[in-house]
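# Below are the sequence and a predicted model; questions follow.
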Amino acid sequence: MTTSRPGEPGRRRPGERGDLLDPCCPTRQLLDRIGTKWTSMVVKVLAEEAPDELRFAELRRRIPGISQKMLSVTLQSLVRDGLAARRVEPTVPPAVHYRLTELGLSLVRPLSALRVWAETHMAEIDRSNQLADESPPN
């Protein structure tokens, strides 16, 4: 793997891979933005409706456990990053709709691959955790 040079984040050539340990690495920056469970759930739910939109309340209904504040923060981040688009209808109260952009839709396949990996390996990870919890401390 090619690594970035510390202190020279803007000097990477096109196609050159970043250093995940460098805070300026594109992979690290992306994981900081989309690495939360709520982000991946919102992207999944919006992807299921693509190219149609979903209203805020419908998104909240479809994502068990998410608070209104967390959904709002997550959607604001997705819109700011260009992964989702927001449309407001000038009604009382305003009707707010969200959909994935083309960029957001391009994220669906990598997130799906991560879900498949998790479904394949979580039982193994859980067993490992259980064994670690049952083992006496060193």
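Alright, I've got the coordinates. The structure displayed is predicted, hence computed values, not measured ones. Residues are numbered from 1 along each chain as shown.

# where do the helices sit along this protein?
Applying DSSP state H to the chain gives helices spanning 26-34, 37-49, 56-62, 68-80, 102-105, 108-134.

# Give me the spatial nearest neighbour of Thr39, chain neighbours excluded.
Thr74 (5.6 Å; CB to CB, 6 or more residues apart in numbering). All C-beta atoms are positioned from the backbone trio N, CA, C, and that covers glycine.

# Just give me the neighbour total for the one you found.
23 (other CB atoms under 10 Å).

# Same question for Arg28.
Arg28 has 16 nearby residues by other CB under 10 Å.

# Against Leu78, how distant is the residue nearest the centre of the chain?
A centroid search over the chain (CA atoms, centre = their mean) returns Ile34, at 2.8 Å, as the residue closest to the centre. The gap separating Ile34 from Leu78 is 9 Å, by CB to CB, to the nearest Å.

# Specify the angle between the lowest-mean-pLDDT helix or strand in the chain and helix 108-134 in degrees.
Least confident helix or strand of the chain, by mean pLDDT, DSSP states H and E, is helix 26-34 with a mean of 85. Here helix 26-34 points in a direction 80 degrees away from that of helix 108-134 (axes from the mean of the first three to the mean of the last three CA atoms, to 10 degrees).

# Can you tell me what sits against helix 26-34?
With CB atoms under 8 Å, 6 or more residues apart in numbering as the test, helix 26-34 has contacts from 18, 20-23, 39-40, 43, 77, 81, 83, 107, 111.

# tell me which residues in that helix are buried?
Arg28, Ile34 (16 or more other CB atoms under 10 Å).

# Looking at the contacts of helix 26-34, which one is closest to Asn138?
Ranked by distance to Asn138 (CB to CB), the contacts of helix 26-34 are led by Leu21 at 27.8 Å.

# Look up phi and psi at Gly35.
Here is the backbone geometry of Gly35 (degrees, to the nearest 10): phi -80, psi 10.

# any idea how far it is from Pro136?
Gly35 sits 33 Å away from Pro136, taking CB to CB as the criterion.
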